[in-house]
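Engineer: sequence first, predicted model second:
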Protein chains: 2
Amino acid sequence: MTTEATNKCTIIDGKKTAATIRQELKEEIESLAQSHNGIVPGLAVVLVGNRVDSATYVRMKKKAAVEIGIHSIDVTLPITISQQDLKAEIEKLNQDPKVHGILVQLPLPEHIKESEILMAIDYTKDADGFSARNIGNMWLGRGTGDPPLAIPCTPAGCIDLLQRYEIDITGKECVVLGRSNIVGMPVAALLQSCNGTVTVCHSRTKNIPEIIGRADILIAAIGKPEYVRGEWLKPGVVIVDVGINDKPDATKKRGYRLVGDVHYDEALQKASAITPVPGGVGPMTIAMLMKNTVNLCRHSLGLPRLTLRNKI
Amino acid sequence: MTTEATNKCTIIDGKKTAATIRQELKEEIESLAQSHNGIVPGLAVVLVGNRVDSATYVRMKKKAAVEIGIHSIDVTLPITISQQDLKAEIEKLNQDPKVHGILVQLPLPEHIKESEILMAIDYTKDADGFSARNIGNMWLGRGTGDPPLAIPCTPAGCIDLLQRYEIDITGKECVVLGRSNIVGMPVAALLQSCNGTVTVCHSRTKNIPEIIGRADILIAAIGKPEYVRGEWLKPGVVIVDVGINDKPDATKKRGYRLVGDVHYDEALQKASAITPVPGGVGPMTIAMLMKNTVNLCRHSLGLPRLTLRNKI
Ligand SMILES: NC(=O)C1=CN([C@@H]2O[C@H](COP(=O)(O)OP(=O)(O)OC[C@H]3O[C@@H](n4cnc5c(N)ncnc54)[C@H](OP(=O)(O)O)[C@@H]3O)[C@@H](O)[C@H]2O)C=CC1
Ligand SMILES: NC(=O)C1=CN([C@@H]2O[C@H](COP(=O)(O)OP(=O)(O)OC[C@H]3O[C@@H](n4cnc5c(N)ncnc54)[C@H](OP(=O)(O)O)[C@@H]3O)[C@@H](O)[C@H]2O)C=CC1
């Protein structure tokens, strides 16, 4: 190659940032215990069946919880459990005063109606922040709603990274690629709360390269390996790459490696900052789950939520 | 003037469309009564104090209700009413089985905490569809939420106009000017449900003329008279002008006339379709309030909502 890498691009370090947040939360948990009679935030993680990937995620969440002083309650249930029995388990956790946050690891087995199970989680214990009332309050924001009790974890992680790297969102053109309820839409809500001008793209959007080319801030969350090409990007764009995709790679022992939704090497030549995959948004998601758990514990004590850095 | 009006622009007739909807609802109300033991949808309209504009709106709503066979319950309260007493009035309406929809005319007097009153309205009787749970379900849409019970009236009116004029939204660049909880944000949610690619602009947005120039469909809702100029527009754009503003006009008896947020005469030269002010979105808002009331009555009978035309 004869091109020189003249572009200076900041690599946004999600792993380090997540560690900082976990440390902050550890201190918060200690101070809560001191001021509130030894209270310990409790997170119940419900795992149905024995999918290997789900079991790994649950183990990671549990480990992060224990390290910072959150009491982790494992609820491991057989893959054959009925809808009714699973709901009864959730109901038990709703009643348990030691449980402040409840997380049901998805996906659930085919015979279970997922949305009904999620809706069974008490609004005040919804550690993922996915309930309609919480999402409604997030969109209503300033004005007619209550403050949300929890913020969906991956979106919160994206915004926290931008804020900790002092990337101002106000007045910026923000393009969100993907509109899922888990990532795309809550990210769009948060970017708008931060006064960004937000455009959401999805599978029916035309001229995606052109729209991406307008972005000052791009959040990519579609689950397509290296979909976004360098030549589409506006010079100086800030990229948060949420995608986690397998890409065949013969040089790796396991035969593949992880890549994001953005072509990283190409983007490095154009962007002013970018999150890598892995080590970008991924670690932030778990840190934000911990933060939600601490916040739900605070809520049970009548204390307000610890917000994201600019009060969102 | 030497310019010829070569552009062919459809004037979207909100008055006529609203009349059609009211007629459809009248037939629905008759058929509901026949199939369900003479049931009559009931709408309670709560008016606090004696603001002239609020009294006018309430009168218009009541008139529209009665004309199509909705039972209208007036609750007129003194401006001095306490927060607690007003909440008690709402509670009475929540309990009353003859009341299917409750609407509190805004603004409320200064000493009343508006959001607390709105939150006191039972979710199943929220005729404006503004509650957090309803708004959350609207955003969640396909997938993890319940269907919303009511759709905010003005936004529903905007979408219904587009649909009845057979303006396809899928894949179109939609620009929403304004981000209020009453108009801008629910319009954005609905446009996205219809597979538009949506950008929301607000007071912190930069380069508004440029962003408006990208719009295939423009919804203007900022409350600034004739803010959007013809030269900003992409030829062929479809414009829904929600704004209702007074503009001084010496030729009028009352000294002013109503204008929208878009410069109408200029826009006529560029747009392929436009809603006038008055006679565009305005009449649709009340028609949609009637539709919400009928839908809440249907919900009380265990029947699903009558959707907007493409099932939204
Ligand atoms: N870092 C982390 O901690 C997390 C990472 N992820 C990763 O983020 C990615 C997205 O996850 P998630 O939101 O759950 O995915 P979903 O599959 O739920 O949603 C994907 C979205 O992308 C849109 N889309 C798909 N293909 C295209 C395309 N070619 N062009 C434009 N839009 C497209 C879809 O549009 P439509 O709605 O029209 O179908 C949909 O809105 C995945 O790679 C996932 O692994 C997810 C969660 C956490
Ligand atoms: N036809 C009908 O039935 C109805 C008509 N209306 C009319 O619609 C209009 C909007 O109403 P509503 O949504 O309640 O108004 P609000 O005042 O609640 O909201 C106005 C929105 O416009 C944004 N805004 C204000 N000025 C500018 C600007 N110069 N550039 C960009 N954005 C701007 C504000 O941004 P920010 O959030 O940053 O402050 C805000 O989001 C009004 O004219 C109102 O009368 C309203 C309801 C029903």
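Structural biologist: Thanks, I have it. In this text, all values refer to a predicted model and were calculated from it rather than measured experimentally. Ligands and ions are numbered 1, 2, ... in the order given.
Engineer: helices of the stretch 1-150 of chain A, start to end?
Structural biologist: Under the criterion DSSP state H, counting those that start in this stretch, helices of the stretch 1-150 of chain A are mapped to A:14-35, A:52-68, A:83-95, A:114-120, A:132-140.
Engineer: return the residues of chain A in contact with ligand 1.
Structural biologist: A:154, A:178-180, A:182-184, A:201-205, A:208, A:221-224, A:242-245, A:281-282, A:285 (C-beta under 6 Å from any ligand atom). (C-beta placed from N, C-alpha, C; glycine too.)
Engineer: which members of those occur in helices, if any?
Structural biologist: A:154, A:184, A:208, A:281-282, A:285 (DSSP state H).
Engineer: quick one: which two of these are the most distant?
Structural biologist: Largest separation among those by C-beta to C-beta: A:208 and A:285, giving 25.0 Å.
Engineer: more crowded one of these two?
Structural biologist: residue A:285 (22 against 18; other C-beta atoms under 10 Å in any protein chain shown).
Engineer: surely that one and residue A:152 touch.
Structural biologist: No: in this structure, residue A:285 is not within contact of residue A:152 by C-beta atoms under 8 Å, at 9.4 Å.
Engineer: please, where are all the strands along the stretch 101-250 of chain A?
Structural biologist: A:101-104, A:173-177, A:197-201, A:217-220, A:238-241, A:245-248 (DSSP state E, counting those that start in this stretch).
Engineer: just send those back as TSV, with mean neighbour count too.
Structural biologist: Shown next, in TSV, are the strands of the stretch 101-250 of chain A (neighbours: other C-beta atoms under 10 Å in any protein chain shown):
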stretch	mean neighbour count
strand A:101-104	27
strand A:173-177	28
strand A:197-201	26
strand A:217-220	28
strand A:238-241	27
strand A:245-248	12
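Engineer: coming back round to it: restrict the ones in helices among the residues of chain A next to ligand 1 to those near ligand 2?
Structural biologist: Of those, not one also sits near ligand 2 (C-beta under 6 Å from any ligand atom).
Engineer: got those residues as TSV, with pLDDT columns?
Structural biologist: Formatted as TSV, those follow (pLDDT from 0 to 100):
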residue	pLDDT
A:154	97
A:184	98
A:208	98
A:281	98
A:282	95
A:285	97
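Engineer: nearest to residue B:289, of those?
Structural biologist: Looking across those and measuring by C-beta to C-beta, the closest to residue B:289 is residue A:184, at 31.4 Å.
Engineer: output stretch A:12-32 as PDB, nothing but the C-alphas.
Structural biologist: Only the C-alpha atoms of stretch A:12-32 are listed here, as PDB (Å, rounded to 0.1, in the frame of the first residue of the first chain):
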ATOM      1  CA  ILE A  12     -12.700   4.400  22.100                       C
ATOM      2  CA  ASP A  13     -11.800   1.900  24.700                       C
ATOM      3  CA  GLY A  14     -15.000   0.200  26.000                       C
ATOM      4  CA  LYS A  15     -13.100  -2.300  28.100                       C
ATOM      5  CA  LYS A  16     -11.300   0.300  30.100                       C
ATOM      6  CA  THR A  17     -14.400   2.600  30.400                       C
ATOM      7  CA  ALA A  18     -16.500  -0.300  31.600                       C
ATOM      8  CA  ALA A  19     -13.900  -1.100  34.300                       C
ATOM      9  CA  THR A  20     -14.100   2.500  35.400                       C
ATOM     10  CA  ILE A  21     -17.800   2.300  35.700                       C
ATOM     11  CA  ARG A  22     -17.700  -0.900  37.600                       C
ATOM     12  CA  GLN A  23     -15.300   0.700  40.000                       C
ATOM     13  CA  GLU A  24     -17.600   3.700  40.400                       C
ATOM     14  CA  LEU A  25     -20.500   1.300  41.100                       C
ATOM     15  CA  LYS A  26     -18.600  -0.700  43.600                       C
ATOM     16  CA  GLU A  27     -18.000   2.500  45.600                       C
ATOM     17  CA  GLU A  28     -21.700   3.500  45.300                       C
ATOM     18  CA  ILE A  29     -22.700   0.000  46.500                       C
ATOM     19  CA  GLU A  30     -20.400   0.400  49.500                       C
ATOM     20  CA  SER A  31     -21.800   3.800  50.400                       C
ATOM     21  CA  LEU A  32     -25.400   2.600  49.900                       C
END
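Engineer: buried residues, it. List them.
Structural biologist: Under the neighbour-count criterion of 16 or more other C-beta atoms under 10 Å in any protein chain shown, stretch A:12-32 has A:12-14, A:17-18, A:21-22, A:25-26, A:28-29, A:32 buried.
Engineer: export these to TSV and tack on pLDDT and distance to chain B?
Structural biologist: Listed next are the buried residues of stretch A:12-32 as TSV, based on pLDDT from 0 to 100; distance: C-beta to the nearest C-beta, whole Å:
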residue	pLDDT	distance to chain B
A:12	98	24
A:13	98	29
A:14	98	26
A:17	98	26
A:18	98	26
A:21	97	26
A:22	97	28
A:25	97	27
A:26	98	32
A:28	97	27
A:29	98	29
A:32	97	27
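Engineer: show me which pair in those is furthest apart.
Structural biologist: Between any two of the buried residues of stretch A:12-32 (C-beta to C-beta), the greatest distance is 29.5 Å, for A:12 and A:32.
Engineer: do you know the pLDDT at the residue nearest to residue A:81 when sequence neighbours are not counted?
Structural biologist: Distances taken as C-beta to C-beta, 6 or more residues apart in numbering or on different chains place residue A:48 nearest to residue A:81, at 6.1 Å, with adjacent residues excluded. Looking at residue A:48, its pLDDT is 97.
Engineer: do residue A:115 as well
Structural biologist: 86.
Engineer: contact partners for the nearest residue to it once chain neighbours are set aside?
Structural biologist: Leaving aside its sequence neighbours, residue A:115 sits nearest to residue B:144 (C-beta to C-beta, 6+ apart; 5.2 Å). Residue B:144 makes contact with A:114-115, A:118, A:130, A:181, according to C-beta atoms under 8 Å, 6 or more residues apart in numbering or on different chains.
Engineer: and if you look at residue A:26?
Structural biologist: A:67-69.
Engineer: how about 7 Å then?
Structural biologist: Shown in contact with residue A:26 (C-beta atoms under 7 Å, 6 or more residues apart in numbering or on different chains): A:68-69.
Engineer: next, the buried residues of the worst-scoring helix or strand of chain A on mean pLDDT.
Structural biologist: The weakest-scoring helix or strand in chain A, judged by mean pLDDT, DSSP states H and E, is helix A:114-120 (a mean of 91). By 16+ other C-beta under 10 Å, the buried positions in helix A:114-120 come out as A:117-120.
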